[in-house]
Every structure is written in C-alpha cells, then in structure tokens.
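In: heads up, no residue letters with this:
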C-alpha cells in the first residue's frame, strides 16, 4: 500500500503543480501544520550559508552520549532527565535515525522535560498529535493509538513515535517542498516543526545548532580560538559556532531614540554564555530603571531581578581582558550568572546563561559589547568567523526595507 500511495501521490503532484496557463495549482491535501505557529526565530537569507553539519560519531558510546545530553540539557549526568539518553539511542536505532538530532529536538521542544505540554503539543519532543489527523493526508508511520496526549507523555513512546516521524519528514521533505512550497530550509527537521509547508528555517537552525553543541560535548572537541585584531585571543561566547548575529552596532532602537551598541547573537533561554577571553569581572549586576549600573550583585542574589522590569541591558556582566588598553567585553540580557565582581575567569568558562532580561520584543539572544579604551567597537571584527554577520539574515533585510521606507516617507 505504501508503494501504491507514493505512486498515486507523485501523479497527483505532477498533475497539480502547474496548470496549462501557469496559474496557481491545488495541493494534494490540506497542509498538515501546527495549531499554534512557533515563536519567531531569526533565519538566514540563504540556508546554504551554513557549513556542513558534523557527521554522527560512530560507534556511539552510551556513557559519553548520556553525559553530552546532560550537558545540552543543563543537568547533571545522573539526573532523571539525563537518564532518558538510553531511550533516545534505542528509538533512533529502531528508526535508523540520528540520535543527536533526536536529542536536539528534545532540547528545543521541551527543554528535555518529558512532562511538557502546551498549545496542543506533548512530551519530550513536543509532538502535536492534531498535526497528523488531517483528512486526505498520508497515514503517519506509527499507530495512531500512540499519537494521543496520554501516550505522548510516556517518554519511551514519545521518542519512538518522534524518531519515526522525523524519518518520515526526512525522506519526503523534497517532495513536500515541490507540492507545498515554503521557505528555503535544509532538511526534514524544519518539517518536524512546521508540517508540510515550512514558513521559516530559523527553528531548524536552532535545532541543528543544539545538535552541534551536543556533538562537540560528546567528542570533547576543544574550543577553536581566534586572534582578534584588538590584541587578544578569543573563543566564541556561545557553543556550537558559527552562530547567527542578527543586529550590529549603530542600528536604531526605540524608534531612533538611541543606537545599538553591540552585537546580538541568537541563542536559546538557559544556554551557557562563556567568557570570550581570560580576564577579571569588573561588573556583575543589572540595568535597573533609574540606575544604569546597579551592582555589584552576588550570583546568589541576581535571580530576584530576573522577573523585574529592567532597563535595556537587563542582567549583565563585564570582563576586563587587558588593563593597559582597557579591553572590556560585556554580556547582556542574561537570565542569571555564575561569577562575582573581581573574579578571574578564563576563555571559554561559563559565566552566565542566555535570557531575555531587558528585552522588549526580540527572541532570546546574547547582546555582546566589546570596548577598547572606553570606545565601542564592532564585535564582528573581534569574533571573526565564530558568527555569521547580520547582513546574511532575513532580519537585516526587513530592517533595511523599513529603513528605506522611512527615508522615503521623510524625503
């Protein structure tokens, strides 16, 4: 029956893609899609900008895999969440799927929480059963009795179902793109989030970035270093480089009332933020309304500010790397931090975590500033190929379009 359906579908697609007059054509079925659109995520204008993703390590050591999954999830290796790593390996093996991608989907979908449920999505992989009940669509490669909210809250079933669905999307994503169109993307991972019509590659980018982070943790890959033109050796402030930068210095904020002073790098809530170079913490605190710099605030006290209304910097840290030239890096919008003022830190050391403190509308990101002798510099020059520049993103395209429209309005 599967072969018959694929042949019939191929004929249907061939017959509906192009009409005699070149007009828009019907789709083979109503698109499968999530009931609630995923939250916005920045995307590249051309997904081919990404370098090749790392291969699946082989053979896989179960103990190392669990430790790497624990690192990705931000938990200890013997925690209940990390203890699900063997189930990920089992489900991936049964579906002939990549366990690192499956783990990254668990991180992205539920932050590794098997009890997750929101907006009609359930369990570790945040699977939405309603997406797979569209009349006329092909039958999913799993028993529909396993696609219920109760069954999807069983982590073993959730992973088994999710691995099979992932492989379904992987096998068919090129055909689906021909039938449904959508935004350019790289793989079936984007369909796992969006269904038949992919509307943004940004979520896929975040998932594959999490996969890179986990593969690097599994292999124990040392940090790459870059000799910055300002005279220091730096590492990426976020794991899994390259990372997407969405906004640089000088761009307008608050309707032109102020200028952006740093580089925004896409991240996920709770992701570790690292010191870009050796140095000493010279500020640890928050940008509180009426107090541009409220601090020092000890790490065990900063949590009380995470839910407050904060100024544009939110919770942040600054590290001095070279006292003679006063080279300083600052890390803003953190959810919390681990170091205190006057602490010495080393390049690559986790100093805090990505958050949205002080952010009004943007998705989670790290705002990084680099200053030399109290002058703001462009962090792009410091970080080099650890980041993909803002001009490569759709966000930059929209900003430039709005800027040109504003200029025409005031011409």
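Out: Good, I have the coordinates. In this text the structure is predicted, and so the values were computed from the model without any measurement. Numbers count the residues shown, from 1 in each chain.
In: how many neighbours does residue 105 have?
Out: When neighbours are defined as other C-beta atoms under 10 Å, residue 105 has 26 of them. For glycine as for every other residue, the C-beta is placed from the backbone atoms N, C-alpha and C.
In: can you list the weak-confidence ranges in the stretch 201-350 of the chain?
Out: Along the stretch 201-350 of the chain, segments meeting pLDDT under 70 span 250-260.
In: make that the stretch 51-200 of the chain, sorry
Out: Scanning the stretch 51-200 of the chain residue by residue, none of them satisfies pLDDT under 70.
In: please enumerate the helices of it.
Out: With helices called from DSSP state H, counting those that start in this stretch, the stretch 51-200 of the chain shows them at 62-73, 85-95, 99-110, 149-152, 155-180, 188-194.
In: tell me the domain ranges of this structure?
Out: For the chain, automatic domain parsing gives the domain ranges 29-52+59-218, 226-409.
In: what about the last one, how long is it end to end?
Out: Right, the one you point to is domain 226-409. 43 Å (C-alpha to C-alpha, to the nearest Å).
In: could you do stretch 221-238 as well?
Out: In stretch 221-238, first residue to last residue: 14 Å (C-alpha to C-alpha).
In: ok, stretch 300-310 next?
Out: Stretch 300-310 has an end-to-end distance of 18 Å (C-alpha to C-alpha).
In: next one: stretch 298-314
Out: End-to-end distance of stretch 298-314 (C-alpha to C-alpha): 15 Å.
In: ok, residues contacting that stretch?
Out: The contact list for stretch 298-314 (C-beta atoms under 8 Å, 6 or more residues apart in numbering) reads 253, 258, 284-289, 291-292, 297, 315, 330, 332-340, 355-359, 367.
In: the residues you listed, buried ones only, as a PyMOL selection?
Out: Here is the PyMOL command that picks out the buried ones among the contacts of stretch 298-314, judged by 16 or more other C-beta atoms under 10 Å:
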select buried, resi 284+285+286+287+288+297+315+330+332+333+334+335+336+337+338+339+340+355+356+357+358+359+367
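In: out of the contacts of stretch 298-314, list just those in strands.
Out: Those of the contacts of stretch 298-314 mapping onto strands are 253, 258, 284-288, 291-292, 315, 330, 332-337, 367, per DSSP state E.
In: circling back to that earlier point, can you put the helices of the stretch 51-200 of the chain in a markdown table and add distance to residue 319?
Out: Below are the helices of the stretch 51-200 of the chain laid out as a markdown table (distance: least, C-beta to C-beta, whole Å):
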| stretch | distance to residue 319 |
| --- | --- |
| helix 62-73 | 23 |
| helix 85-95 | 34 |
| helix 99-110 | 27 |
| helix 149-152 | 44 |
| helix 155-180 | 39 |
| helix 188-194 | 35 |
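In: and of those helices, who's closest to residue 322?
Out: Closest of the helices of the stretch 51-200 of the chain to residue 322 is helix 62-73, at 30.6 Å (criterion: C-beta to C-beta).
In: now the angle from that closest one to helix 99-110?
Out: Interaxial angle of helix 62-73 relative to helix 99-110 (axes from the mean of the first three to the mean of the last three C-alpha atoms, to 10 degrees): 30 degrees.
In: what does helix 62-73 rub up against?
Out: So helix 62-73 is contacted by 76-77, 79, 81-86, 88-89, 99, 103-104, 106-107, 111-112, 210, 213-215, 217-218 (C-beta under 8 Å, 6+ apart).
In: mind listing what residue 282 touches?
Out: Residue 282 touches 318, 319, 320, 328, 341, counting by C-beta under 8 Å, 6+ apart.
In: let's go with 6 Å and repeat that
Out: By C-beta atoms under 6 Å, 6 or more residues apart in numbering, the contact list for residue 282 reads 318, 320.
In: can you give me the strands for the stretch 1-150 of the chain?
Out: Along the stretch 1-150 of the chain, the segments classed as strands by DSSP state E, counting those that start in this stretch run 117-118, 121-122.
In: in a markdown table: these, plus distance to residue 165.
Out: What follows is the strands of the stretch 1-150 of the chain, written out as a markdown table (distance: least, C-beta to C-beta, whole Å):
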| stretch | distance to residue 165 |
| --- | --- |
| strand 117-118 | 17 |
| strand 121-122 | 13 |
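In: which one, of these, ends up nearest to residue 54?
Out: Closest approach to residue 54 among those is made by strand 121-122 (27.9 Å; C-beta to C-beta).
In: doesn't residue 206 belong to a helix?
Out: Yes: under DSSP: H, G, I helix; E, B strand; the rest coil, residue 206 sits within a helix.
In: and the residue nearest the centre of this protein?
Out: By C-alpha atoms, centre = their mean, the chain has its centre lying nearest to residue 206, at 2.6 Å.
In: ok, so what distance separates that one from residue 156?
Out: Residue 206 sits 25 Å away from residue 156, going by C-beta to C-beta, to the nearest Å.
In: returning to that earlier point: check contacts around the residue nearest to the centre of the chain.
Out: The neighbourhood of residue 206, defined by C-beta under 6 Å, 6+ apart, consists of residue 41.
In: who touches stretch 344-360?
Out: The contact list for stretch 344-360, computed with C-beta under 6 Å, 6+ apart, reads 223, 235, 267, 270-275, 277-278, 280, 287, 310-315, 317, 333-339, 364, 366.
In: related to what we said a few turns ago, mean neighbour count, the strands of the stretch 1-150 of the chain: which tops it?
Out: Highest mean neighbour count among the strands of the stretch 1-150 of the chain (mean count of other C-beta atoms under 10 Å): strand 121-122, with a mean of 24.
In: that one: how far from the chain's middle?
Out: Its chain's C-alpha centre and that of strand 121-122 lie 19 Å apart, by C-alpha atoms, centre = their mean, to the nearest Å.
In: which residues does that strand contact?
Out: By C-beta under 6 Å, 6+ apart, the list of residues contacting strand 121-122 from outside reads 128, 149, 152, 153.
In: nearest to residue 57, of those residues?
Out: Nearest to residue 57 among the contacts of strand 121-122 is residue 152, at 28.8 Å by C-beta to C-beta.
In: just the pLDDT for residue 396.
Out: On pLDDT, residue 396 comes in at 83.
In: how much space separates it from residue 244?
Out: The spacing between residue 396 and residue 244, counted by C-beta to C-beta, is 10 Å.
In: neighbour count: these two, which is higher?
Out: residue 244 (26 against 20).
In: quick one: the more buried one is in a strand?
Out: Yes: assessed by three-state DSSP, residue 244 belongs to a strand.
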